[in-house]
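**Q** Take a look and give me a structure for this.
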Amino acid sequence: MRRIRPRGFWHSRHQGWLFPFEAAQLLKNQFGAHFPIDPALQQWLEAVDHPLPPLPTHANLVAAADLNAPLSDGRQLLRHQRAGVRWLLARRGAVLADEMGLGKTITALAAARSLLRCSDSRLLVVAPVALHQHWQREALSLELAPQLLSWARLPQEPPPAGVVLLVDEAHFAQNIDAKRTQALLRLARHPRMRAVWLLSGTPLKNGRPVQLLPLLMAIGHPLARDRRAYEELFCNGHWRQAGARMVWDCQGASRLEELQRLLRPQLLFRRKADCLDLPPKLRCFRPVLLAASQQKRLDLALQQRLENYRQRATAGLVRSDAETLALLTAMRRLCALQKLPAAISLVQQLRAAGEAVVLFSSFVAPLAQLQRFLGGELLTGQVPLLQRQQRLLRFQAGSSDLLLATYGVGGIGLGLERASQVVLLERPWTPGDAEQAEDRCHRLGSKSTVTSHWLQLGSADALIDALILSKADRIEVVLAGRRRLLQRQPLAKMLNEILQE
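**A** Sure thing, here's the model as predicted:
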């Protein structure tokens with residue numbers, strides 16, 4: 001078993017060996033006479049033995065893309081979009097990781113149209129349900145009718161004939177053990193796939209190379225054929241003691257510049273500043289100061305939360321080793337509520353100056369309070385999808401000048417270029433989510449400088465913001481290949497410093 005290549009590994013939860021699909025034929029030759037072969041795997045092997053007819057040359061595919069012809073709605077592909085189409089057509093598996101707002105959707109659809117014109121193929125698009133209308137509109141401008149799939153309901157088998165698979169918000173599949181990731185990998189690695197193109201403005205949301213591994217598996221990147229080797233080389237993978245047992249830890253990062261060099265052939269990352277003549281995006285850090293009485297109430301509330309957590313840990317209701325994370329989450333929630341007066345004052349100033357404002361938070365409670373005081377449109381996961389779309393249209397049409405949204409709803413795929421003022425009540429854990437939120441406004445169609453206001457209250461916000469910036473440096477090395485001196489303290493050490501304060 002250990003001599004089989006690509007390598008597999010023993011999975012204790014499944015009580016069996018896991019191998020990449022590329023090892024299936026060798027496994028069949030070695031063990032097929034001794035063990036039954038799963039019928040679905042047998043169908044895959046037969047599909048490999050009877051491959052699809054070859055595609056035309058790259059030059060013919062580019063010619064079929066007809067890149068200089070106007071779309072049905074009168075638009076023209078921009079220069080960087082035409083270059084993106086040519087780049088995709090040269091690859092059967094790729095990650096289009098352009099910054100948010102560069103028009104990845106129309107780029108991928110234009111490339112897919114060329115493949116459909118040159119082969120008997122179907123077009124599948126995996127995207128969050130909230131973005132299906134957007135995909136339908138863009139596909140209509142190219143006279144395409146894709147089959148739209150939600151992340152929650154991925155089929156086990158693709159349709160007959162060849163398939164071109166486009167995957168929007170591909171970072172949804174960054175956890176290799178998640179069910180939706182496994183479902184995507186099963187679909188993407190099917191032998192009937194003509195092309196698998198993943199779209200994500202944040203393919204490395206949290207700065208951890210292990211998050212890239214499922215995406216590389218989906219596109220058939222050579223680095224992903226040996227999972228353990230990838231984790232050892234680029235994720236600082238090692239065995240460590242956890243209580244009475246040893247666990248495999250691959251949440252670190254190592255050899256990032258080498259990783260960037262090896263990713264470059266199948267991952268395209270471009271910045272807006274390099275492709276578009278857009279107004280700049282500015283970040284404005286706004287400190288929030290509390291009166292002595294307010295600070296005392298905040299400290300008391302935090303102490304009560306900490307004592308309550310420790311009591312529950314003693315009773316065995318929660319994990320005792322997660323106290324650091326629980327305390328930090330409590331600090332973020334409490335601080336978000338304490339920043340509401342400052343947020344109200346800032347939004348009122350911006351609206352008085354005639355500005356449209358988008359405000360983001362991780363938490364629903366402060367957003368609900370802000371809406372009661374300021375009005376505006378509220379977008380959270382508790383709002384039905386149809387109502388969300390109606391509220392978004394009212395904001396974009398100018399009927400409202402304030403949009404209040406959670407990162408999980410407002411930060412995904414929406415175009416909010418009407419607003420040039422973004423307020424982040426507090427920051428999410430990952431730099432990718434912060435970038436996604438800001439770039440909802442800073443995108444193709446922006447007409448003025450976008451200013452992002454980061455409200456900072458005390459050490460908790462300073463800690464989160466420092467983590468975001470340090471993770472962003474790591475992402476910069478992997479995607480852009482820019483050398484950075486990466487310095488980062490452990491989370492527990494930083495939090496202990498805050499508690500001492």
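
**Q** Report the central residue of the protein.
**A** His171 (3.4 Å; C-alpha atoms, centre = their mean).

**Q** List the residues that contact the residue lying closest to that residue once chain neighbours are set aside.
**A** Distances taken as C-beta to C-beta, 6 or more residues apart in numbering put Ser200 closest to His171, at 4.6 Å, once the chain neighbours are dropped. Heads up, the C-betas are built off the backbone N, CA and C, glycines and all. Residues near Ser200 by C-beta atoms under 8 Å, 6 or more residues apart in numbering: 95-97, 168-171, 215.

**Q** need the contact list for the residue nearest to the centre of the chain.
**A** 200, 202-203, 205, 211, 215, 432.

**Q** picking up where we left off before, quick check: phi and psi at the residue nearest to His171.
**A** With angles defined as degrees, to the nearest 10, Ser200 sits at phi -160, psi 130.

**Q** residue ranges of the strands in the stretch 351-500 of the chain, please?
**A** Assigned by DSSP state E, counting those that start in this stretch, the stretch 351-500 of the chain shows strands spanning 357-361, 377-379, 402-406, 421-424, 450-456.

**Q** so which of those strands is the most packed in?
**A** strand 357-361 (a mean of 27; mean count of other C-beta atoms under 10 Å).

**Q** Let me know the average pLDDT across that one.
**A** The pLDDT scores in strand 357-361 average 94.

**Q** Could you list the paired strands of that strand along with their orientation?
**A** As defined by DSSP bridges, the strand partners of strand 357-361 come to strand 402-406 (parallel), strand 421-424 (parallel).

**Q** Near His238, how many residues? Count them for me, please.
**A** His238: 12 surrounding residues under other C-beta atoms under 10 Å.

**Q** Identify the residues contacting the residue nearest to it when sequence neighbours are not counted.
**A** Excluding the flanking residues, the one nearest His238 by C-beta to C-beta, 6+ apart is Asp249, at 5.9 Å. Counting by C-beta under 8 Å, 6+ apart, Asp249 touches 236-240.

**Q** Kindly report the same for Glu22.
**A** Glu22 sits next to 6, 225 when contact means C-beta under 8 Å, 6+ apart.

**Q** what about it, which SS state?
**A** helix (DSSP: H, G, I helix; E, B strand; the rest coil).

**Q** quick check, distance from stretch 298-308 to the centre of its chain.
**A** Mean-position distance between stretch 298-308 and its chain equals 33 Å (C-alpha atoms, centre = their mean, to the nearest Å).

**Q** Any chance you could list what contacts it?
**A** 290, 323, 327, 330-331, 334-335, 338.

**Q** What are the structural domain limits within this protein?
**A** Split into domains by automatic domain parsing, the chain comes to 1-49, 56-275, 281-294+341-500.

**Q** returning to what we had before: the residue nearest to the centre of the chain falls within a helix, correct?
**A** Yes: assessed with three-state DSSP, His171 lies in a helix.

**Q** what's the burial count for Lys281?
**A** The burial count for Lys281: 20, using other C-beta under 10 Å.

**Q** how far away is the residue nearest to the centre of the chain from Ser254?
**A** His171 is 21 Å from Ser254, where distance means C-beta to C-beta, to the nearest Å.

**Q** ok, now Gly103?
**A** Using C-beta to C-beta, Gly103 is found at 34 Å from Ser254.

**Q** So which residues of the stretch 201-350 of the chain form strands?
**A** Counting by DSSP E, counting those that start in this stretch, the strands of the stretch 201-350 of the chain are 238-242, 245-249, 267-268, 281-287.

**Q** how about the ones you listed, which one is nearest Leu18?
**A** strand 245-249 (13.2 Å; C-beta to C-beta).
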